[in-house]
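J.: Provided below for reference: sequence and predicted model.
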Amino acid sequence: MFVDGNFLGLPENGDVVDVVILQIPYELTTSYGQGTSQGPASCIAASGQVELFDPLIGNDLPNGNAIHTNEPWNGEGNSLLQQLDGISNYLQPWYAGDCFPISLGGEHGILPPLVNAAKNHPLICNDLSKLTIVQIDAHADLRSQLDGEKYSHACAASRSLDLGVGKLLQVGIRAFSQEEYQAITSDERITTFFASDTQNHSTGREVWQQWLDTLSKLEGPVHLSIDIDGLDGSIVPATGTPVPGGLSYWQVVETIEALFNAENATVISADVNEIVPQLESPLTQFTAAMLTTKIVVNHIDAKNSGRWTSITQQMGKNRIIGESTFFQKEGGQ
């Protein structure tokens, strides 16, 4: 039975949640194209056309797993900081260690409140230095501010490091400022694989393998953040800031697979962001839906292989929203 409004159109039975799809229609600091607030819903709609079979698990999804599509974040808040707290509070209950949360955005400004919510995960226990972020992106997102706003989507990685994230791995980067380049070359927490190197026709294959090897050596809890403009603009032309010269679809799939197969790492969550519905063709939102499905499949494979296990008792679908005012306090509100 196909269910409209559910990821992949999958019906839900009972209260158990193995994977939760979280929708964050946040768009407040975009600096070029508009429409990311409609991205999560368009991705959900497009997912209804994704094939449920994947050879990695040898079966159709959900393959015995309960995939829950949660109600979207309500968008409430009279200021940017209030909205950031709202996003963090919306996400926080799903970082209990009993399920795998995947957030759909929305602009990349969702990353800092996501990180703030992730600090509650049992593998992190309020020590974000344990967390590694793997970022697929065209942009470094390492600015100190953009147009006077330090929580701009262009500052998402910087603010996440400010929160205490221990390590940031980036790939696909090809649009960055001098300030960001200086951060990349001077901050030991940051490892960046530029698209000019990975996509080079002569030496790109060797550099790409170095990226995959780097992922395989990761340890501890990891969050995967996919800004879909990390892919070449020909694949995702409707994203907010499409940039030529990006990753291929299969390179992103390789990255997902290498990360989830890292023996000493545990992928605790993921996000797919900067989705903008494409009107003349569903290519952009369908690509986002395909990548989200690949994340689900690789999580299930990791679970089946013992690389991911539930840490706490199953909490079900009805969870109490958080009440933190962290960002408002940080901003002096």
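T.: That came through fine.
J.: From now on I want contacts and neighbour counts done on CA atoms only, so please keep to that.
T.: OK.
J.: just for the protein, where's the confidence low?
T.: Along the chain, the parts satisfying pLDDT under 70 run over 29-36, 332-333.
J.: mind redoing it with 90?
T.: Applying pLDDT under 90 to the chain flags residues 1, 13, 27-38, 76-78, 106, 145-149, 153, 239-242, 278-280, 330-333.
J.: what residue is smack in the middle of it?
T.: By CA atoms, centre = their mean, the mean C-alpha position of the chain lies nearest to Asp271, the distance being 1.8 Å.
J.: so when I look at that one, I'm seeing a helix, right?
T.: No: judged by DSSP: H, G, I helix; E, B strand; the rest coil, Asp271 forms no part of a helix; its state is strand.
J.: Please name the bridge partners of it.
T.: Residues in a beta bridge with Asp271, per DSSP bridges, are Ser103, Ser225.
J.: That one contacts Ile102, doesn't it?
T.: Yes: counting by CA atoms under 8 Å, Ile102 is a contact partner of Asp271 at 5.3 Å.
J.: where do the helices sit along the stretch 151-300 of the chain?
T.: Applying DSSP state H, counting those that start in this stretch to the stretch 151-300 of the chain gives helices spanning 156-162, 178-186, 195-198, 204-216, 249-260, 283-304.
J.: do you know which of the ones you listed lies nearest Ile235?
T.: Ile235 sits nearest to helix 283-304 of all these, at 6.6 Å, using CA to CA.
J.: ok, then the element right after the closest one?
T.: helix 326-330 (DSSP states H and E).
J.: packing partners for that next one?
T.: helix 80-91 (3 or more CA pairs under 8 Å, 6 or more residues apart in numbering; DSSP states H and E).
J.: then the helix it packs on to PDB, C-alphas only?
T.: Taking C-alpha atoms only, helix 80-91 is exported to PDB below (Å, rounded to 0.1, in the frame of the first residue of the first chain):
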ATOM      1  CA  LEU A  80      16.600  33.600  13.400                       C
ATOM      2  CA  LEU A  81      17.900  32.500  16.800                       C
ATOM      3  CA  GLN A  82      14.500  31.400  17.900                       C
ATOM      4  CA  GLN A  83      14.100  29.400  14.800                       C
ATOM      5  CA  LEU A  84      17.500  27.800  15.300                       C
ATOM      6  CA  ASP A  85      16.400  26.800  18.800                       C
ATOM      7  CA  GLY A  86      13.200  25.500  17.400                       C
ATOM      8  CA  ILE A  87      15.000  23.300  14.900                       C
ATOM      9  CA  SER A  88      17.400  22.000  17.600                       C
ATOM     10  CA  ASN A  89      14.400  21.200  19.900                       C
ATOM     11  CA  TYR A  90      12.600  19.500  17.100                       C
ATOM     12  CA  LEU A  91      15.600  17.200  16.400                       C
END
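J.: name the helices or strands packed onto it?
T.: Helix 80-91 packs on helix 111-118, helix 326-330, going by 3+ CA pairs under 8 Å, 6+ apart.
J.: Out of those helices, which one sits most buried?
T.: helix 111-118 (a mean of 25; mean count of other CA atoms under 10 Å).
J.: which residues make contact with it from outside it?
T.: Residues from elsewhere that reach helix 111-118 (CA atoms under 8 Å, 6 or more residues apart in numbering): 84-85, 87-89, 91-92, 95, 124, 156-157, 159-160, 163, 225.
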